[in-house]
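S.K.: sequence and predicted structure are below.
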Amino acid sequence: MQTKTILAAALLGSTAITPALAQERAEVNFWHAMGGQLGERTDAFATEFNATQDACQVNSIYKGNYTETMTQAIAAFRAGEQPHIVQVFEVGTATMMSAADRGAVYPVHQLMEDQGIEFDEADYLPGVISYYSDTEGNLLSLPFNSSTPVMWVNLDLFEENGLEVPTTWDGVVEASRALKEAGVPAPFGMGWQSWTMIENFSAWHDLPIGTMQNGFAGLGTELTINNEHVVGHIERLAEMAEEGLFSYGGRRGDSRPQFVNGEAAMWINSSAYYGGFVADIQDFEFTQVQMPLDTSVADEPQNSIIGGATLWVLRGHEDDAEYACTAQFLDFLSGTEQQADWAQATGYVPITLAAAELMEERGFFEENPGTDVAITQLTLNEPTENSRGLRFGSFVQIRDVINEELEAVWSGDKTAQEALDAAVERGNDLLRRFEQSNS
Amino acid sequence: MKRVVFRSKWLPYVLLAPQIAITLIFFFWPALRAIESSFFIEDAFGFAREFVAFENYARLFNDAGYLKSFRTTLVFGLGVTALAMSIALVLAVAANRVLQAALTYRTFIIWPYAVAPALAGVIWFFLMNPTLGIVAYWLDLAGYEWNHYQNGDQALLMVTIAAAWKQISYNFLFFLAGLQSIPKSMLEAAAIDRAGPWRRFWTITFPLLSPTTFFLLVINLVYAFFDTFSLIHATTQGGPADATSILVLRVYQTGFVGQDYGSSAAQSVILMGLVIALTVVQFRYVERRVNY
């Protein structure tokens, strides 16, 4: 009796499933590293896309921070369980590239071509896609969230003290002295120090970060950040720290409270702090301006480089319909409306020129002065070999090495030259090891 | 004692099987894989591996940073152990004398043990944050400049305090149990012989507590070497410079952040050797020499 019931139920069940099978959607797994509000917005993209058609089902899954997401995707690949799309931060690019050479990655330009989706690299912001293109200019992964360092300014502190917002490093030092005298605890601050003070300082002044086109031309690259200009810059910061003009507030965004609490009047870090600052800062007026220029190094700024993450497509799925859906979803994400909405809400830069224009049309830049600074910086000039970005293996670890060495400068244990020499030596060691394991 | 005798020959093995299976699958197999990986260099996606014999180990011992981590781990481990055990002992002795509301008192001391290590770290990190933290503010009032983002010694001190704070509860429980098992009559006899409380503690209580103390010593060292990973990972991440980069954190940084599996495996193997050594010390020497 019981067996019969189960059989009947199973039969009923299977008939119930059949109609669904007839129009089954191809499933695409999308692993991302966007937590909190950003995560909700990211998931909303997938939901929206799923609602626009009935052939594809994108599953947007949060997998922890950037490092965790990438590690899990790699582990999944090794086990043959990889997602179709994975979000990888910019410094993981060299690792993904090397995987692309071995066939683990489906380059985006090729995916779009295979799936017959119109795709032109020229539609994208040059400063954004240059970071993720091969030497022939083909896009390998689709930029998703990109930002660039800007200088955040507490306008009230400048106004109260009758000061102009500086545009050069000499000006930053002078303004800091004046503000310090006026009682501002530590007028200058910054975060993500390797990215803002070394990588972007170099690009902004058109200085190489490493040999072989910053690593774009091959795995044999070596770091060159112990050149006189970068050393001079770090020395300047060390002197500012000694004078009490700059207080080191930790790695990544740990120094954020310095700016939000009004202890720092100038703070160099990502433009993507915009969304959070709008919500958290009520007691003073703030804006973003371009990074200062060191006039002893260059007469004009070159362009800044990005940070953030891109979407990589992994190979190894049998069903071509899944890749068709992947291509459609990526195309959807690059859509003008989607990009403009995303950029307005977060402070990330829109990745297409059309989206930037739409934001302009909507009057967003006019209503929110300063929000166009990131785009201006990225599009200031045609990127050079020095300012296109960087592609170093094990760069996550190298950034930690740079963090460590710079921290030794801030605490007064090492001079700028000693620290950067050590960073180059230790960094090159990691680069050689990466070369060994990837060639 | 009554001796249990199994009639059937296979029954004991069947009863042991689940435990043995767990040990084999979750301890021996990964350990063997780690030893194997430590002789190779491999790319992240696992396309190619190259046998390099002992190169991964040789690199580590030529890396000044790795050797410094040994020292940091030792300082940190001894600091946490000394701090957590001494405070716990003082609290346990005090709690042992408390007559009223003893249960409430004990509950409050045991409480921090329920806090996850990462959270314990974050709490202290927040209290001592140079911009927002209340402790940093007090220190500032006292004329002491606190910035664990910049000062490595301060950072190491901070994680030591956080790690010890969490472990005090555990030590307290064992010390209290140890104290309560000391016969009252011995202490009373000593008191009749005119031995003061201080003397009674050092000549009777402390020696009789030694099994507990040695047990806790090993447990605390192992805790400081391994279980504090999440605490440090959630707070300093090994910085500033590499001031709080203990060995177990390096395994993670190398393997998960750097995707350098060979070196990470070699570091795990070295750590495994360290635990084995500690265990051997505990079983061979400590357990024998302690007077019960």
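M.R.: Looks like it came in fine.
S.K.: all contacts plus neighbour counts: C-alpha atoms, from now on.
M.R.: OK.
S.K.: any chance you could map the strands in chain A?
M.R.: Using DSSP state E, the strands of chain A run over residues A:26-32, A:56-62, A:85-89, A:105-106, A:142-147, A:149-154, A:188-190, A:266-270, A:286-289, A:307-314.
S.K.: among those, which comes closest to residue A:203?
M.R.: strand A:149-154 (11.5 Å; C-alpha to C-alpha).
S.K.: adjacent strands (with direction) for the closest one?
M.R.: Under the criterion DSSP bridges, strand A:149-154 sits next to strand A:266-270 (antiparallel), strand A:286-289 (antiparallel) in its sheet.
S.K.: just checking, next helix/strand downstream of whichever helix or strand residue B:82 is part of?
M.R.: Assigned by DSSP states H and E, residue B:82 belongs to helix B:64-97. Downstream of helix B:64-97, the next assigned helix or strand under DSSP H and E is helix B:102-110.
S.K.: give the contact list for the nearest residue to residue A:74 once chain neighbours are set aside.
M.R.: Computed as C-alpha to C-alpha, 6 or more residues apart in numbering or on different chains, the closest residue to residue A:74 that is not its neighbour in sequence is residue B:45, at 5.9 Å. Going by C-alpha atoms under 8 Å, 6 or more residues apart in numbering or on different chains, residue B:45 touches A:74-75, A:77-78, A:99, A:104.
S.K.: can you select the buried ones from these in ChimeraX?
M.R.: Buried residues within the contacts of residue B:45, by 16 or more other C-alpha atoms under 10 Å in any protein chain shown, are selected in ChimeraX with:
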select /A:74,75,77,99,104
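S.K.: distance to residue B:103 and pLDDT added to the contacts of residue B:45, as a markdown table?
M.R.: A markdown table is the format used below for these (distance: C-alpha to C-alpha, whole Å; pLDDT from 0 to 100):
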| residue | distance to residue B:103 | pLDDT |
| --- | --- | --- |
| A:74 | 51 | 91 |
| A:75 | 49 | 89 |
| A:77 | 53 | 92 |
| A:78 | 53 | 88 |
| A:99 | 60 | 84 |
| A:104 | 61 | 90 |
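S.K.: just the contacts of residue B:45: which are in helices?
M.R.: A:74-75, A:77-78, A:99 (DSSP state H).
S.K.: mind checking pLDDT for the closest residue to residue A:423 other than its chain neighbours?
M.R.: Spatial nearest neighbour of residue A:423, excluding adjacent residues (C-alpha to C-alpha, 6+ apart): residue A:402 at 5.6 Å. At residue A:402, the pLDDT value in this model is 94.
S.K.: and for residue A:402, the neighbour number?
M.R.: A count of nearby residues for residue A:402, using other C-alpha atoms under 10 Å in any protein chain shown, gives 25.
S.K.: identify the residues contacting the residue positioned nearest the centre of chain B.
M.R.: Against the mean C-alpha coordinate of chain B, by C-alpha atoms, centre = their mean, the closest residue is residue B:223 at 1.5 Å. Counting by C-alpha under 8 Å, 6+ apart, residue B:223 touches no other residue.
S.K.: domain parsing for chain A?
M.R.: Domains of chain A are assigned by automatic domain parsing as A:25-147+A:306-367, A:149-304+A:393-437.
S.K.: distance between the ends of the last one?
M.R.: Length of domain A:149-304+A:393-437, first residue to last, C-alpha to C-alpha, to the nearest Å: 32 Å.
S.K.: neighbouring contacts of the host helix or strand of residue B:58?
M.R.: If you go by DSSP H and E, residue B:58 is part of helix B:55-61. Contacting residues not belonging to helix B:55-61 are listed as B:38-41, B:66-67, B:262-263, B:266-267 [C-alpha under 8 Å, 6+ apart].
S.K.: need the buried ones from these selected in ChimeraX.
M.R.: Only the buried entries of the contacts of helix B:55-61 go into this ChimeraX selection, using 16+ other C-alpha under 10 Å:
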select /B:38,39,40,41,66,262,263,266,267
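S.K.: and chain A, which of the contacts of helix B:55-61 reach it?
M.R.: With C-alpha under 8 Å from any C-alpha of the partner chain as the criterion, these include residue B:41 near chain A.
S.K.: around chain A, pick out the residues from chain B.
M.R.: For chain B, the residues in contact with chain A (C-alpha under 8 Å from any C-alpha) are B:41-50, B:131-132, B:149-151, B:239-242, B:253-254, B:256-259.
S.K.: I'd like to know which of the residues you listed are buried.
M.R.: Using 16+ other C-alpha under 10 Å as the burial test, these include B:41-46, B:49, B:131, B:149-151, B:239-242, B:253-254, B:256-259 as buried.
S.K.: how far does stretch B:109-126 sit from the chain's center?
M.R.: 15 Å (C-alpha atoms, centre = their mean, to the nearest Å).
S.K.: how many other residues sit next to the nearest residue to residue A:57 once chain neighbours are set aside?
M.R.: Sequence neighbours aside, residue A:27 is the residue nearest to residue A:57 in space, at 4.8 Å (criterion: C-alpha to C-alpha, 6+ apart). Neighbours of residue A:27 under the rule other C-alpha under 10 Å: 18.
S.K.: which of the contacts of helix B:55-61 has the weakest pLDDT?
M.R.: Among the contacts of helix B:55-61, residue B:41 has the lowest pLDDT, at 88.
S.K.: quickly list what that residue is bridged to.
M.R.: Bridge pairing for residue B:41 - DSSP bridges - gives residue B:50.
S.K.: isn't it right up against residue B:49?
M.R.: Yes - counting by C-alpha atoms under 8 Å, residue B:41 touches residue B:49, with 5.6 Å between them.
S.K.: overlap in contacts of these two?
M.R.: By C-alpha under 8 Å, 6+ apart, the residues touching both residue B:41 and residue B:49 are residue A:437.
S.K.: most proximal residue of chain A with respect to chain B?
M.R.: In chain A, the residue found nearest to chain B is residue A:404; the distance is 3.5 Å by C-alpha to the nearest C-alpha.
S.K.: is it true that that residue touches residue B:241?
M.R.: Yes - Residue A:404 lies in contact with residue B:241 (C-alpha under 8 Å); the separation is 3.5 Å.
S.K.: shaky segments in the stretch 151-292 of chain B?
M.R.: B:286-292 (pLDDT under 70).
S.K.: contacts only, for residue A:417.
M.R.: Taking C-alpha under 8 Å, 6+ apart as the test, what residue A:417 contacts is A:226, A:231.
S.K.: name the SS class of the closest residue to chain A within the stretch 151-292 of chain B, please.
M.R.: Proximity of the stretch 151-292 of chain B to chain A (C-alpha to the nearest C-alpha) peaks at residue B:241, 3.5 Å away. Here residue B:241 is recorded as coil under DSSP: H, G, I helix; E, B strand; the rest coil.
S.K.: sorry, back to before: so which of the contacts of residue B:45 is the closest to residue A:130?
M.R.: Each of the contacts of residue B:45 was scored against residue A:130 by C-alpha to C-alpha, and residue A:99 proved nearest at 18.9 Å.
S.K.: residues contacting that closest one?
M.R.: A:105, B:45.
S.K.: and for residue A:273?
M.R.: So residue A:273 contacts A:346-347 (C-alpha under 8 Å, 6+ apart).
S.K.: ok, back up a step: CSV please, covering the strands of chain A and showing mean pLDDT.
M.R.: Converted to CSV, these look like this (pLDDT from 0 to 100):
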stretch, mean pLDDT
strand A:26-32, 95
strand A:56-62, 95
strand A:85-89, 95
strand A:105-106, 94
strand A:142-147, 91
strand A:149-154, 96
strand A:188-190, 96
strand A:266-270, 96
strand A:286-289, 95
strand A:307-314, 93
